[in-house]
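1. fold the following, please.
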Amino acid sequence: MSTISTKVNVSGMTCGHCVSAVSEELEALAGVEDINIDLNAGGVSTVTITSTQKLSPSEIGEAVAEAGYLVVANEA
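-> As a prediction, the model looks like this:
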């Protein structure tokens, strides 16, 4: 089965605890297999989600918000 990789930018994460909180919420979404977070403490961190089904931006946003952080738009 093929997987889908989704990248989102999250602001406000500063430490390993932040990473685990966001990972935990995202892993609870249906189809999510792996979370990889490139932490940029105090800035915008890149979160790569590997899943077996397409995730909607709203479900990702809600999961990140549940952990206490904010998905921000990709800077063009």
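2. what does the helix or strand where Val47 lies contact?
-> Using DSSP states H and E, Val47 maps to strand 44-51. Contacts with strand 44-51, where a contact means CB atoms under 8 Å, 6 or more residues apart in numbering, come from 3-11, 13, 19, 22, 26, 29, 31-40, 55, 60, 64, 72, 75. C-beta coordinates here come from the backbone N, C-alpha and C atoms, glycine included.
3. in strands, which of the residues you listed fall?
-> Secondary structure defined by DSSP state E assigns 4-11, 32-38, 72 of the contacts of strand 44-51 to strands.
4. what sits against Leu26?
-> Leu26 neighbours (CB under 8 Å, 6+ apart): Val32, Ile35, Val47, Ile49, Ile60, Ala63, Val64.
5. pLDDT score for the residue nearest to Gln53 when sequence neighbours are not counted?
-> Leaving aside its sequence neighbours, Gln53 sits nearest to Gly31 (CB to CB, 6 or more residues apart in numbering; 3.9 Å). The predicted structure scores Gly31 at 96 on the pLDDT scale.
6. do you know how far Gly31 is from Val71?
-> 18 Å (CB to CB, to the nearest Å).
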